[in-house]
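[1] predicted model, plus sequence, below.
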Amino acid sequence: MDTRYRSWMSELPGHLTRVPLSCLAIPGSHDSGAYALDKSAGVSVDEPRLVSFLGSLCCGAGLSVVNRWSVTQDLSLGQQLEAGIRYLDLRVCVKPQTADTHFLHGLYGTKVLTALKEVKDFLDKNPKEFILLDFNHFHNMDAICHKQLLTDLKTLFGALIMPVDVNMSPWRMTLENIWETPMRVMIFYSDDTSANMKEFWPGFAIPSPWPNTSDPRVLIDFLENNYNAKHRNNNGNFYVWQGVLTPGAGTIMSHLCGSLKESVVPRASLAFLEWVGSKEPGPQGINICLGDHVHLHDFIPSVIRLNDKIQRRN
């Protein structure tokens, strides 16, 4: 694992620490918790019947297929942060027949709090880095389950959390200003149970348009249209540019011996990085860049290097 970018935020030149975080290029991981999936528990509750049927085939062979097409990252959350990721895309559920909250994507993953302790440990060891946690998909969770998770998040991160009522406009959320406070993590939570809790930002405060295609050309057309038409509001909020392809059932069924990592990610990442390399960070430009298997294809360095354009421009 390449750890050269473990502390890239703290190593930025001075003038970039005075740029709003929403105007910097920030590498993020897609389905960040789908790195260690458990075949023994069967197909998870987020999948349609066709995937559940596939998982039931051939004495476990079907579950191996589901696993290969569901794993989106090879690195744990802590390792992703060590590699330079600063935005984590989190999909969670309460695992059936348990009271435990897990990550999921096709299969069940690590316990959420176990994994998030790595995030806390990283911040303790790297006190000038800033992390965005985006909880945006929930399964098998009622209001009680949500409130328990929200309480656990508040307990784990405590004073590190940047609250919604922070005395800092989006345009003043720069590293330089943040370093004067104890705040090092911003948590977005896309469920109404968090609405009256100052520690959690609503999901609509971080738009993340989904290309929803398996075709790299359609992906680039989607991104180009959003960029040129300035679909991103000039309001200082964060914005996610998704550099991912979504394989359909037909793709998976015709590549049963393949995997997301080998059959899809190279086409997605290379097309996205070529596209984003011609763009610039800014209020309506590039901000968070999302990818699968982000330790590959020079994804993280390519995104961070986009900030050099701000340097040259100034």
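    Arrived safely. Residues are numbered from 1 along each chain as shown.

[2] what separates F222 from A195, distance-wise?
    Remark: distance between F222 and A195 (Cβ to Cβ, to the nearest Å) = 31 Å. Yep, even glycine has a C-beta here, placed from its N, CA and C like the rest.

[3] between those two, point out the one with more neighbours.
    Neighbours were counted for F222 and for A195 using other Cβ atoms under 10 Å; F222 has more, 17 against 10.

[4] pretty sure the more buried one contacts T213?
    Yes: here F222 reaches T213: they are 7.0 Å apart, a contact under Cβ atoms under 8 Å.

[5] residues in contact with P96?
    P96 makes contacts with V45, N140, as judged by Cβ atoms under 8 Å, 6 or more residues apart in numbering.

[6] just to be sure, F135 is in a strand?
    Yes: the assignment for F135 (DSSP: H, G, I helix; E, B strand; the rest coil) places it in a strand.

[7] quick check: beta-bridge partners of it?
    Per DSSP bridges, the residues bridged to F135 are L90, Y189.

[8] run through the residues that contact the residue nearest to L107 when sequence neighbours are not counted.
    Nearest residue to L107, sequence neighbours excluded (Cβ to Cβ, 6 or more residues apart in numbering): L37, at 3.9 Å. Taking Cβ under 8 Å, 6+ apart as the criterion, L37 is in contact with N67, S70, V71, H105, G106, L107, Y108, G109.

[9] residues in contact with the third one?
    I take that to be V71. With Cβ under 8 Å, 6+ apart, V71 has these contacts: A34, Y35, L37, H105, S259, L260, K261.

[10] check what pLDDT the third one gets.
    Meaning L37. Note on L37: pLDDT of 95.

[11] kindly report the same for the last one.
    You'll see K261 listed with a pLDDT of 97.

[12] so what touches stretch 293-301?
    1-2, 4-5, 27-29, 72-75, 80, 83-85, 243, 260-261, 265-266, 269-270, 273, 289, 291.

[13] hmm, back to that, measure the residue nearest to L107 to L123 for me?
    26 Å.

[14] do S32 as well
    16 Å.

[15] those two: which is more packed in?
    The neighbour comparison of S32 against L123 (other Cβ under 10 Å) goes to S32, with 29 against 18.

[16] which ones are touching the residue nearest to the more buried one when sequence neighbours are not counted?
    Closest residue to S32 apart from its sequence neighbours, by Cβ to Cβ, 6+ apart: L88 at 4.1 Å. Residues near L88 by Cβ under 8 Å, 6+ apart: G28, S29, S32, G33, L77, Q80, V119, I131, L132, L133, D134.

[17] please enumerate the helices of this protein.
    49-55, 61-70, 77-83, 112-125, 143-157, 175-178, 216-228, 249-253, 260-263, 265-276, 299-305, 308-313 (DSSP state H).

[18] measure stretch 194-207 end to end?
    This stretch, stretch 194-207, spans 18 Å end to end (Cα to Cα, to the nearest Å).

[19] and the contacts of that stretch?
    132, 134, 136, 146, 150, 153-154, 161, 163-165, 186-190, 232-233, 237-240, 288.

[20] quick one: average pLDDT of it?
    97.

[21] low-scoring stretches of the stretch 51-200 of the chain, by residue?
    51-60 (pLDDT under 70).

[22] at 50 what do you get?
    Along the stretch 51-200 of the chain, the model assigns pLDDT under 50 to no residue.

[23] rewinding a little: buried subset of the contacts of stretch 194-207?
    For the contacts of stretch 194-207, a neighbour count by 16 or more other Cβ atoms under 10 Å gives the buried set as 132, 134, 136, 146, 150, 153, 161, 164, 186-190, 232, 237-240, 288.

[24] what pLDDT does G248 get?
    Looking at G248, the pLDDT reads 79.

[25] who's in contact with the residue nearest the centre of the chain?
    By Cα atoms, centre = their mean, the chain has its centre lying nearest to D89, at 2.7 Å. By Cβ under 8 Å, 6+ apart, the contact set of D89 is G28, S29, H30, D31, S32, D134, N136, S208, L290.
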